[in-house]
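>>> Provided below are the primary sequence and the corresponding predicted coordinates.
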Amino acid sequence: MTVRVCVVGCGAIGSLYAAHLATLDDVEVWAVDVSAPHVAAIEAHGLRVTGRADFTAPVHARTDAADVPPCDLGIVATKAAHTRDAVAACATVFADAAVASVQNGLGNEEVLAELVPRVIRGTILPAGAVTEPGVVRFDAQGDTWLGPFEPAPAATEEVALLASLLTRAGLRTHALADARGPQWDKVVFNSATSPLAALTGLPVGPVCEDPALRAQVDALVAEALQVCAALGIATSADPAALVAEAIEVAHDHRPSMLQDVLARRPTEIDWLNGGIAAQGRLAGVPTPRHDAMVALVRGLERSWSLPQEH
Ligand SMILES: NC(=O)C1=CN([C@@H]2O[C@H](COP(=O)(O)OP(=O)(O)OC[C@H]3O[C@@H](n4cnc5c(N)ncnc54)[C@H](OP(=O)(O)O)[C@@H]3O)[C@@H](O)[C@H]2O)C=CC1
Ligand SMILES: CC(C)(CO)C(=O)C(=O)O
């Protein structure tokens with residue numbers, strides 16, 4: 001039986017997941033993205049992966065979700081600000097689908113639950129960047145964790161199916177009954193490193209190796225862990241180990257928040273540090289360091305709309 005999967009948002013991460021799945025004989029992969037040149041290149045030449053892998057895979061790509069058939073599984077990989085519009089446009093594609101978010105931050109699954117029948121909570125470590133239309137560079141390998149998202153959970157079998165397809169395609173994936181631990185591990189890590197990279201222009205490794213910046217990373221981690229503790233969420237990995245792993249496997253990777261700043265696109269700060277701060281308010285835990293990151297990155301975003309002086 002062929003499983004039909006639709007990837008919504010076929011940028012860096014969507015392209016990595018679409019291309020890997022498209023190497024399987026029993027999976028038909030569709031991708032929806034607003035970038036017409038990228039979609040045209042994928043349709044004409046296939047989706048090419050460079051860097052940590054080197055292959056080209058056949059993916060059906062469209063700019064209009066109305067041209068995509070109903071699918072069994074979905075993977076949402078837009079930036080958080082685009083989740084609602086992108087998934088709403090896929091109403092017929094996902095009319096009877098289990099749909100996973102593989103995005104960073106807090107709050108995307110909640111939006112999916114309003115729009116699709118069954119939702120999968122996803123957390124990923126692979127990293128990359130689109131380098132030209134139709135081409136994605138695979139910067140760092142790493143595991144993926146999936147689990148049903150309450151209150152609109154995908155069936156255990158659907159979570160297991162997507163996990164087994166991704167693992168067979170070369171992206172090792174774990175199907176869990178409760179994937180909140182890995183999600184918070186990643187949110188804590190991203191929130192402690194991505195804004196510092198975005199504000200300094202430094203990739204992950206140099207941020208974590210600079211003693212003064214590392215002190216800020218460690219303080220942001222400690223503050224976020226107080227929120228986790230107050231909410232009763234057990235992070236499953238030691239954040240210090242995640243930082244050490246990032247220095248090892250993603251040393252020169254520019255976090256997606258830095259990629260956004262360099263391209264002058266709105267960042268995901270509200271879903272990362274802003275998400276932790278919001279949860280902190282709910283739990284009665286002050287988060288001044290995360291609030292400061294939100295204020296600084298939002299200020300940077302606002303500076304782009306000022307008139308340029310010479
Ligand atoms: N890049 C990385 O290494 C990692 C990223 N992540 C997370 O993965 C998620 C995706 O990030 P990333 O792949 O870097 O982002 P990208 O910006 O590379 O890709 C997102 C894609 O979605 C497209 N898009 C925007 N609006 C819509 C829409 N309405 N319908 C369909 N497509 C749309 C964008 O087009 P356009 O550019 O024209 O707006 C873009 O091609 C984020 O949550 C990020 O934090 C997680 C781990 C690593
Ligand atoms: C790969 C990683 C972990 C780097 O911070 C990431 O999540 C991102 O780029 O947003």
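Sure thing, it's come through. Numbers count the residues shown, from 1 in each chain. Ligands and ions are numbered 1, 2, ... in the order given.
>>> residue in the stretch 51-200 of the chain nearest to ligand 2?
Per C-beta to the nearest ligand atom, Ala127 is where the stretch 51-200 of the chain lies closest to ligand 2, at 3.3 Å. Quick note: C-beta positions are derived from backbone N, CA and C, even for glycine.
>>> got the contact list for that residue?
Counting by C-beta atoms under 8 Å, 6 or more residues apart in numbering, Ala127 touches 12, 139-140, 142, 250, 253, 256.
>>> which one of the residues you listed sits in the busiest neighbourhood?
Neighbour tally across the contacts of Ala127 (other C-beta atoms under 10 Å): the maximum, 24 neighbours, falls on Ser256.
>>> just the contacts of Ala127 that are near ligand 1?
Restricting the contacts of Ala127 to those near ligand 1 by C-beta under 6 Å from any ligand atom leaves 12, 256.
>>> check the residue of the stretch 51-200 of the chain closest to ligand 2 and give its pLDDT.
pLDDT recorded at Ala127 is 90.
>>> quick check: phi and psi at it.
phi -140, psi 150 (degrees, to the nearest 10).
>>> do Ala140 as well
Main-chain torsions, Ala140, degrees, to the nearest 10: phi -150, psi 140.
>>> okay, and the beta partners of it?
Taking DSSP bridges as the rule, Ala140 bridges to Ala127.
>>> for Gly51, same thing?
Beta-bridge pairing for Gly51 (DSSP bridges): Phe138.
>>> relative to Leu21, how far out is Ala95?
Computed as C-beta to C-beta, to the nearest Å, the Ala95 to Leu21 distance reads 21 Å.
>>> between these two, who's got more neighbours?
Applying other C-beta under 10 Å to Ala95 and Leu21 shows that Leu21 carries more neighbours, namely 25 against 11.
>>> contacting residues around that one?
Residues in contact with Leu21 (C-beta under 8 Å, 6+ apart) are 5, 7, 27, 29, 165-166, 169.
>>> please apply the same query to Val34.
Contact partners of Val34, counting by C-beta under 8 Å, 6+ apart, are Thr63.
>>> where's it, which helix or strand?
Per DSSP states H and E: Val34 is located in neither a helix nor a strand.
>>> state the distance from it to ligand 1.
Distance of Val34 to ligand 1, computed by C-beta to the nearest ligand atom, to the nearest Å: 4 Å.
>>> likewise for Ser164?
Computed as C-beta to the nearest ligand atom, the Ser164 to ligand 1 distance reads 21 Å.
>>> please apply the same query to His82.
From His82 to ligand 1 the distance is 4 Å (C-beta to the nearest ligand atom).
>>> what's the separation between that residue and Val39?
For His82, the distance to Val39 - C-beta to C-beta - is 15 Å.
>>> which one of those two is surrounded by more residues?
Taking neighbours as other C-beta under 10 Å, His82 and Val39 compare with Val39 leading, 22 against 16.
>>> and the more buried one, how far from Ala91?
Taken as C-beta to C-beta, the span from Val39 to Ala91 is 20 Å.
>>> the residue of the stretch 201-310 of the chain found nearest ligand 1: what's it in contact with?
Closest contact between the stretch 201-310 of the chain and ligand 1, by C-beta to the nearest ligand atom, is at Ser256 (3.8 Å). With contact set as C-beta under 8 Å, 6+ apart, Ser256 has these partners: 12, 79, 104, 127, 194, 268.
>>> can you give me the pLDDT of the second one?
Read it as Lys79. Note on Lys79: pLDDT of 97.
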